[in-house]
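Colleague: quick one, fold the following:
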Amino acid sequence: PGPAEELFGAGASAEDSYGLLTVDVPPAAWLTALETARTALGCTYFDWLSAVDEPGTGFRVCAHVVALGPLPAGAA
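Modeller: Below is the predicted model:
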């Protein structure tokens, strides 16, 4: 839909992982990233929230959200 930093802010990166869009954002950008996923990408279903312990660097929090219906206008 657009460059990750343009959609999710500075420090964001995106990649296709097993056919799914995966976006990494800094901790301070969490709320904005989830709001963007809802409003710009049409992710209306919150599936799960988890954390991964990354030895030596701390925890990485993961949220899985899904767009169940058609994308909103302009979010192609």
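Colleague: quick check: the residue with the largest distance to the centre of the chain vs residue 8, distance?
Modeller: Going by C-alpha atoms, centre = their mean, the residue of the chain most distant from its centre is residue 56, 23.8 Å out. Look at residue 56 and residue 8: by C-beta to C-beta, to the nearest Å, they are 25 Å apart. Just so you know, the C-beta spots here come from the backbone N, C-alpha and C atoms, and that holds for glycine as well.
Colleague: again, but for residue 62
Modeller: 15 Å.
Colleague: more neighbours: the two, which one.
Modeller: Taking neighbours as other C-beta atoms under 10 Å, residue 62 and residue 8 compare with residue 8 leading, 24 against 12.
Colleague: leaving out sequence neighbours, find the closest residue to the more buried one.
Modeller: residue 33 (4.9 Å; C-beta to C-beta, 6 or more residues apart in numbering).
Colleague: phi first, then psi, for the one you found.
Modeller: Main-chain dihedrals, residue 33, degrees, to the nearest 10: phi -60, psi -40.
Colleague: that one: neighbour count?
Modeller: Neighbour count of residue 33, defined by other C-beta under 10 Å: 20.
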